[in-house]
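**Student:** Any chance you could fold what I've pasted below:
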Amino acid sequence: MFKNEYLRFLQTLNAKEVPSGVRKIANLVIEHLDEIHPLGTAQGKRAKKIAELASKNWDELSDVIKDIANDAGAIDEVIKQLKSIKVGPFRGFSKEETLNLYSSLVLIYGPNGSGKSSFCEALEYGLLGSVEEAQSKRFANQPNYLKNAHVNRFIAPVIKGVNSKDEEVLVLPNDSLYRFCFVEKNRVDSFSRIAAHAPAKQTELISSLFGLDNFYDFVKNFSREIDERHIDLIGKKGLQLKDKQQELNVHELTIKDNKQSLIEQEGLEVELAHKFKADTTFDQLIVMLGTEEAPGEIQALEVELQNKQPLVTGLTEKSLEASKIEVESAHQKLTAKLGELADASEGLSFKQLYSALLDLQEVSKEKCPACKTPLIQVEKNPYELAKDELVKLGHLAQLEKDREDLETEFTKAIMPVHRALKTCIEQIGIEGEVNSLSICLQEDEAKFDWGWWQALEPGSEDIASHWYLLKDQVKKLEQRDITVNKANEERGPKQTRLTELRKLREEVIALQAKRKTLEEGIKKAHAAIDAFDEENKDLIESVEIEKDIIQTNQKIAASYSDFVIILAGYREELPGKLVADLGELVVTLYNGFNRNDSPKDLLAAIKLPLAAGQRIEIAYQEEPEKFFDALHILSEGHIRCIGLAILLAKNLKTNSPLLIFDDPVNAIDDEHRSAIRETIFKDDFFKEKQIILACHGNEFFKDTQQLIGKKAAQESESYKFLPQVGENHVQVSSFKRPINYVLAASELLKEAEYRDALMSSRRALEYLSEKAWSHYGKHCDKADALISVSRRAPNAPWDLRQLVDNLRAKFTKTNAEIPNKAEIIEVFKILLGPNGQVPPWLYLNKGTHEENDREEFDHAIVNTIVESIEKLDIALS
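**Tutor:** So this is what the prediction gives:
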């Protein structure tokens with residue numbers, strides 16, 4: 001059905017100023033519907049497929065929307081009535097069956113699973129060209145759903161009908177003409193659960209009520225747009241070229257920046273050259289500083305400063321003479337002191353003796369260490385004597401100390417001379433020869449005595465003497481020190497100059513490296529620019545070709561987005577269009593369904609949701625200006641009544657020739673079944689329509705047969721589908737006797753089956769009595785007495801005779817103008833008789849209950865009873 005709705009959507013594109021691209025996309029979708037429909041928004045599969053199909057031949061796609069008004073599946077005039085259907089193999093029908101439908105009412109009874117839905121789907125396929133249930137169960141290929149599983153094939157049903165000229169014609173599928181002919185229990189059942197949904201879902205469920213939920217899903221599965229995930233909208237080649245061109249821009253920017261940097265570089269070079277010397281160029285600076293190939297000032301200074309200077313010895317002739325004087329003075333003092341010690345040599349011996357004696361005191365405490373005489377026997381203690389004498393000889397210790405100090409002083413005085421000697425030996429000498437002073441060199445300081453000094457011949461003017469040589473060499477070193485010190489003073493500024501020049505050279509090298517980098521960058525950039533067009537020749541050509549493709553792809557994407565917006569808009573407006581102007585008719589039908597309710601519960605108006613977010617609102621006749629949310633105050637059964645009323649109102653509003661019910665028992669609660677039957681079969685709404693009803697409720701089927709009356713039941717077509725036994729096929733059978741009690745009684749009378757005729761007559765009277773009660777209640781005056789009947793128990797049935805007698809009495813007493821009152825009273829009188837123990841009332845009881853060996857029924861009396869029942873049926877119809 002979604003396809004048919006999509007085709008109707010296509011027609012709206014002709015009625016608007018719709019861009020050509022949108023119509024192209026719309027045509028592409030219908031052309032490839034089988035491929036596109038199974039795909040959804042997951043991973044953009046549907047959008048990707050549409051993009052793929054559109055990009056193949058966009059320019060060749062037609063933007064002309066085909067008019068389906070006179071499609072091959074349409075006919076010029078509406079069918080007045082269906083005449084027959086030939087079905088099978090199809091769903092549950094494994095072989096061909098032909099059913100006669102040539103009646104204004106076709107009733108089919110069958111338990112669940114007997115094949116009623118297969119029959120209704122055959123009608124749906126034959127009239128609409130598709131079966132909604134197949135789409136709901138995700139059968140992309142409808143034949144797979146429609147084929148009979150046992151024979152593994154299906155043949156399209158053949159439906160024949162009668163047109164307005166009473167001509168038999170072949171009925172061809174036409175969704176526009178027959179889409180509102182079907183009333184399915186699933187749709188009403190789904191509608192009844194509307195209260196569980198948010199308001200935004202209510203308009204969606206209105207569409208579901210009309211079998212358009214597949215169309216809703218179909219529309220919902222279109223992605224909002226086609227983007228880069230689905231089709232190339234930017235141009236990969238173009239992006240590649242653009243990236244390369246950005247590289248080109250980088251090269252041009254490199255040239256510009258490097259040239260600017262070179263100008264700045266020249267300023268830095270001039271500044272650096274002037275830093276070396278005014279009016280000097282950078283190139284001149286490089287030459288002056290020098291290079292490896294042409295050494296300059298830096299190399300000259302490096303060579304000069306790399307030459308090692310002699311050691312500054314610090315020796316002078318003056319210091320040598322001073323050392324000579326100090327040595328001789330120290331020796332003179334030492335000689336004098338030695339003389340003093342020589343004069344006191346005797347005392348010195350005794351001092352040494354006494355000191356040695358005291359050193360032995362610890363060894364020989366009790367005896368004299370010399371003679372071994374016990375100390376107690378000696379005249380004078382030797383140790384005490386030694387101590388006393390040492391005190392007397394104390395000045396000798398000072399003399400010895402002075403001698404030692406003078407010897408040290410002499411050694412210290414002679415050391416500078418020895419160091420000068422050693423320095424001369426180290427610094428003066430011809431390579432390969434030993435300095436003649438080397439023989440005077442003494443490593444052991446203990447040997448620096450007066451003899452060593454005398455060997456130098458100090459003060460001698462003999463050129464061969466050691467002293468003269470030492471003095472001469474000291475003079476030479478002193479002169480050399482002067483020269484070296486002067487050279488060292490000149491070396492400092494040169495070292496500073498070299499440091500400055502090296503730093504300058506580093507700056508020059510940095511500027512040279514920077515210039516080289518800048519110039520090479522410019523060179524490479526020029527080379528890249530010159531080679532760009534040639535290197536990217538193929539890419540540039542591809543981009544030119546790609547431009548047309550991208551332009552087309554962008555048209556496709558834009559057209560697709562517009563298409564989805566328009567399609568979604570159509571879907572949003574669809575519920576409003578479906579229920580537009582139905583409110584008054586829905587109210588009338590709803591009140592008919594609830595005719596047995598209190599007047600205050602009947603509706604005055606209803607507002608159906610025409611846009612997302614709107615609710616179903618109702619107003620009662622008691623307060624017609626006050627509207628309520630229907631979902632808050634109505635029971636599920638009453639909501640089902642509204643759903644059914646909407647479907648039937650649409651059927652009436654569109655002048656659909658047929659009304660087809662697929663098992664409505666499940667869709668209608670027990671409370672409303674009777675009133676709904678009356679609305680459909682007794683009220684005038686559907687008198688001009690052919691009604692086809694299939695149901696599994698035996699009692700519902702029976703009650704319908706009673707309601708329509710004998711005449712309608714006689715003119716109707718009735719079938720029963722039996723449970724399958726042995727054969728995998730829908731078992732189609734006709735009723736052996738009518739279900740309508742009045743008609744059954746008449747037929748049985750003709751067949752002389754009197755007992756069964758009377759049984760059917762009693763059943764008819766039971767039904768017609770309650771119908772007469774309703775007839776009386778509908779037309780009597782308010783002042784008239786009420787019908788009252790007693791029961792034997794709360795759940796026991798009415799006493800039929802008492803009810804009939806009460807009805808006769810009330811119809812007789814009332815002055816109200818009750819239609820067919822006289823005929824009704826007359827029938828009741830005949831059937832009641834004088835009492836219940838004589839015919840005809842006795843026959844009604846005897847024919848119903850079993851009794852052995854009773855007398856035969858009189859044909860005339862049975863005939864009277866049956867004729868009376870027929871008259872009552874006619875009077876109440």
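**Student:** from here on, contacts and neighbour counts on C-alpha atoms
**Tutor:** Fine.
**Student:** And for Leu471, nearest residue in space, chain neighbours not counted?
**Tutor:** You called it Leu, but residue 471 is Lys. The shortest distance from Lys471 to any residue other than its chain neighbours is 6.5 Å, reached at Glu317 (CA to CA, 6 or more residues apart in numbering).
**Student:** Could I get the full set of strands for the stretch 151-300 of the chain?
**Tutor:** Assigned by DSSP state E, counting those that start in this stretch, the strands in the stretch 151-300 of the chain fall at 158-162, 168-170, 182-184.
**Student:** gap between the host helix or strand of Ile509 and the chain center?
**Tutor:** If you go by DSSP states H and E, Ile509 is part of helix 466-535. Centre-to-centre, helix 466-535 and its host chain are 69 Å apart (CA atoms, centre = their mean, to the nearest Å).
**Student:** And for stretch 238-258?
**Tutor:** Once both centres are worked out by CA atoms, centre = their mean, stretch 238-258 turns out to sit 37 Å from its chain's centre.
**Student:** For Gln724, which residues are in contact?
**Tutor:** Contacts for Gln724 (CA atoms under 8 Å, 6 or more residues apart in numbering) come out as 114, 730-731.
**Student:** okay, and for the stretch 151-300 of the chain, where does confidence drop off?
**Tutor:** Across the stretch 151-300 of the chain, the ranges flagged by pLDDT under 70 are 194-204.
**Student:** what does the stretch 301-450 of the chain give?
**Tutor:** Within the stretch 301-450 of the chain, the stretches with pLDDT under 70 are 302-309, 343-352, 354, 386, 388-397, 430-432, 445-447.
**Student:** Helices of that one, start to end?
**Tutor:** Assigned by DSSP state H, counting those that start in this stretch, the helices in the stretch 301-450 of the chain fall at 317-343, 345-359, 382-392, 394-427, 450-455.
**Student:** Using TSV, please lay out the ones you listed together with mean neighbour count and distance to Glu544.
**Tutor:** Formatted as TSV, those follow (neighbours: other CA atoms under 10 Å; distance: least, CA to CA, whole Å):
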stretch	mean neighbour count	distance to Glu544
helix 317-343	16	102
helix 345-359	16	126
helix 382-392	15	131
helix 394-427	17	92
helix 450-455	13	112
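**Student:** Nearest to Gly110 among the ones you listed would be which one?
**Tutor:** In terms of CA to CA, the element of the helices of the stretch 301-450 of the chain nearest to Gly110 is helix 394-427, at 141.7 Å.
**Student:** Show me this protein divided up by domain.
**Tutor:** Using automatic domain parsing, the domain parsing of the chain gives 2-70+224-235+548-557, 745-876.
**Student:** Make CSV out of these and add distance to Ala531 and mean neighbour count.
**Tutor:** Rendered in CSV, the data for those read as follows (distance: least, CA to CA, whole Å; neighbours: other CA atoms under 10 Å):
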stretch, distance to Ala531, mean neighbour count
domain 2-70+224-235+548-557, 24, 17
domain 745-876, 103, 17
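**Student:** Make TSV from the ones you listed and add distance to Ala649 to it.
**Tutor:** Converted to TSV, those look like this (distance: least, CA to CA, whole Å):
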stretch	distance to Ala649
domain 2-70+224-235+548-557	20
domain 745-876	25
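**Student:** Any idea which of those domains gets closest to Glu293?
**Tutor:** Per CA to CA, nearest to Glu293 of these: domain 2-70+224-235+548-557, 58.1 Å.
**Student:** before we move on, the earlier item: tell me what angle the helix or strand following the helix holding Ile509 forms with helix 466-535.
**Tutor:** Later in the chain than helix 466-535, the nearest helix or strand by DSSP H and E is helix 537-579. Here helix 537-579 points in a direction 60 degrees away from that of helix 466-535 (axes from the mean of the first three to the mean of the last three CA atoms, to 10 degrees).
**Student:** State the mean pLDDT of helix 537-579.
**Tutor:** The average pLDDT for helix 537-579 rounds to 85.
**Student:** which residue ranges form the helices in the stretch 601-750 of the chain?
**Tutor:** Ranges of helices in the stretch 601-750 of the chain, per DSSP H, counting those that start in this stretch, are 630-633, 636-653, 670-677, 698-715, 741-750.
**Student:** what's the second one packed up against?
**Tutor:** In other words, helix 636-653. Identification of packing neighbours for helix 636-653 by 3 or more CA pairs under 8 Å, 6 or more residues apart in numbering; DSSP states H and E yields strand 182-184, helix 185-192, helix 537-579, helix 583-593.
**Student:** okay, those in JSON lines with distance to His859 next?
**Tutor:** Listed next are the helices and strands packed on helix 636-653 as JSON lines, based on distance: least, CA to CA, whole Å:
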{"stretch": "strand 182-184", "distance to His859": "46"}
{"stretch": "helix 185-192", "distance to His859": "46"}
{"stretch": "helix 537-579", "distance to His859": "57"}
{"stretch": "helix 583-593", "distance to His859": "42"}
